[in-house]
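Q: this one's structure only:
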Ligand code: HEM
């Protein structure tokens, strides 16, 4: 039989088995988005692979922002409405559980081994110690950005500008600056090491989605086959191991200067004996820290290249004034005063979706949602960022990209009220970093890192789209994720004046 026919038959069988399974399981009485009937269901599942966002838009419009079911290749998601955000925000994992859902969705146990039974690398370190260490990390990240940027934007002798594919370049740049904080210098400059770290996310995130298409008993076998064929994760773990070992040998955990040092503070004795396991935790952290930040940086640069010149100048002027106010030192306090850049980033999160549905939770016990529907255990609930971020009650002219939307809301009358407008503030109307106790703990680190890089780029270069290139490059979507076009380019022209 022809390979394509076999493949189509297997997919059809898989979807049919999925439909049968979902019919047998107790389900919530909620309407479903997509075409009607079993064939319509199969079509909707297939459509979700490349157009989950379109399906969410359709469901939101059709059911008036009330909960509905979104079928996908990895099972059904119950997309909750605005009235249910508060319930998720308050949840303590007894009913709506985040860690169990993360295991289902990203399969860390299949791909990374047992690093989630005691996930100290995701909890205490990022939630508390890293955030406290940010002040000392700013000069390190700035130095790394200053060294790395000219290497990533190579301007040939006799020329004044360079055209680069933006997203892959930002992924690499972010990985290097992140790893200055993660493992320190000079390790963070090792090209092979960085390439492997970057490849892990590019391998593991899509693979977790694909593995979800297989029954759980087959997942380890399928993963083994792929990891032997592609192998980025194993290379990355091997690449990190010597840095982890060096930190253990020099027992520097009492005077931490990198995230690995922080990790060693909390590592139980059995982990200290198991360097590959510790290294897997670092790779896992790198995975959370790289592409998400690169997506924001890329969107920001595309937006800056589209913005009127005077708006870009306002952002530059504010950055320069903030640095000057700190005695000409580009430190964490100065970054805290980049309100226009902060507003631009927050608007990017509002306007450009990173995912069609997020903050998903596994329902552990029977639960009732705002419209009275009973959700049986085993259901999966999630929030839809795009429609929530387009709510006209909170965001007038929501369809307009207004880089200074949130800066304009800072009145200066109350610090508490102003802080609520900041990029890293969580709220029920802004869910880019999630909601409640599982809201992203790495957001303060991410925000600083992105701002350091963007400020350095803005002060050094003028930005424009290459001649003839589209100014609105089409994003790329896969399952629930959306990222900027991987091929679109931007031109960086060296500026004559740069703050020293
Ligand atoms: C702009 C960059 C980033 C974005 C947009 C982002 C977004 C998110 C989102 C949406 C969640 C899920 C929240 C929820 O379930 O309600 C999350 C969780 C998480 N993020 Fe981030 N993230 C970013 C950067 C980072 C960085 C740099 C790190 C680590 C250094 C990190 C570590 C984590 C961890 C450990 C969790 C799981 C938290 C938990 O389940 O308790 N993230 N992030």
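A: Looks like it arrived, so ask away. The shown structure was predicted, so the numbers you read here are calculated from the model rather than taken from an experiment.
Q: So the residue in the stretch 51-200 of the chain positioned nearest to the ligand: helix, strand or coil?
A: Nearest residue of the stretch 51-200 of the chain to the ligand: residue 122, at 3.8 Å (Cβ to the nearest ligand atom). (C-beta placed from N, C-alpha, C; glycine too.) Secondary structure, DSSP: H, G, I helix; E, B strand; the rest coil: residue 122 is coil.
Q: who touches it in this structure?
A: The contact partners of residue 122, by Cβ atoms under 8 Å, 6 or more residues apart in numbering, come to 284-285, 288, 441.
Q: how about a cut-off of 10 Å?
A: Residue 122 makes contact with 99, 102, 108, 115-116, 281, 284-285, 288, 441-442, according to Cβ atoms under 10 Å, 6 or more residues apart in numbering.
Q: Sketch out the helices for the stretch 401-500 of the chain, chain order is fine.
A: 405-408, 415-419, 443-460 (DSSP state H, counting those that start in this stretch).
Q: distance between the shortest one and the chain's centre?
A: Okay, so that is helix 405-408. Centre-to-centre, helix 405-408 and its host chain are 23 Å apart (Cα atoms, centre = their mean, to the nearest Å).
Q: now for it, which elements pack on it?
A: Applying 3 or more Cβ pairs under 10 Å, 6 or more residues apart in numbering; DSSP states H and E, one finds that helix 405-408 makes contact with helix 309-325, helix 339-351.
Q: For the contacts of residue 122, could you give me JSON lines that also reports distance to the ligand?
A: Compiled in JSON lines, the contacts of residue 122 are given as follows (distance: Cβ to the nearest ligand atom, whole Å):
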{"residue": "99", "distance to the ligand": "6"}
{"residue": "102", "distance to the ligand": "6"}
{"residue": "108", "distance to the ligand": "11"}
{"residue": "115", "distance to the ligand": "12"}
{"residue": "116", "distance to the ligand": "10"}
{"residue": "281", "distance to the ligand": "11"}
{"residue": "284", "distance to the ligand": "9"}
{"residue": "285", "distance to the ligand": "6"}
{"residue": "288", "distance to the ligand": "4"}
{"residue": "441", "distance to the ligand": "5"}
{"residue": "442", "distance to the ligand": "2"}
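Q: Verify the stated contact: residue 483 with residue 206.
A: No - with contacts defined as Cβ atoms under 10 Å, residue 483 does not count as touching residue 206, sitting 11.1 Å away.
Q: more crowded one of those two?
A: Between residue 483 and residue 206, counting by other Cβ atoms under 10 Å, residue 483 is the more crowded of the two (20 against 13).
Q: Quick one: name the residues of the stretch 101-250 of the chain near the ligand.
A: Within the stretch 101-250 of the chain, the positions lying close to the ligand (Cβ under 6 Å from any ligand atom) are 122, 126.
Q: Redo the helices and strands packed on helix 405-408 as TSV? Include distance to the ligand and mean pLDDT.
A: Formatted as TSV, the helices and strands packed on helix 405-408 follow (distance: least, Cβ to the nearest ligand atom, whole Å; pLDDT from 0 to 100):
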stretch	distance to the ligand	mean pLDDT
helix 309-325	18	98
helix 339-351	7	98
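Q: Point out the most buried one among the ones you listed.
A: helix 339-351 (a mean of 23; mean count of other Cβ atoms under 10 Å).
Q: Which element, helix or strand, includes the spatially closest residue to residue 137 that is not a sequence neighbour?
A: Spatial nearest neighbour of residue 137, excluding adjacent residues (Cβ to Cβ, 6 or more residues apart in numbering): residue 181 at 4.9 Å. For residue 181, the element it lies in under DSSP states H and E is helix 166-182.
Q: How about residue 287?
A: Using DSSP H and E, residue 287 falls in helix 275-306.
Q: can you give me how far that helix is from the chain middle?
A: 7 Å.
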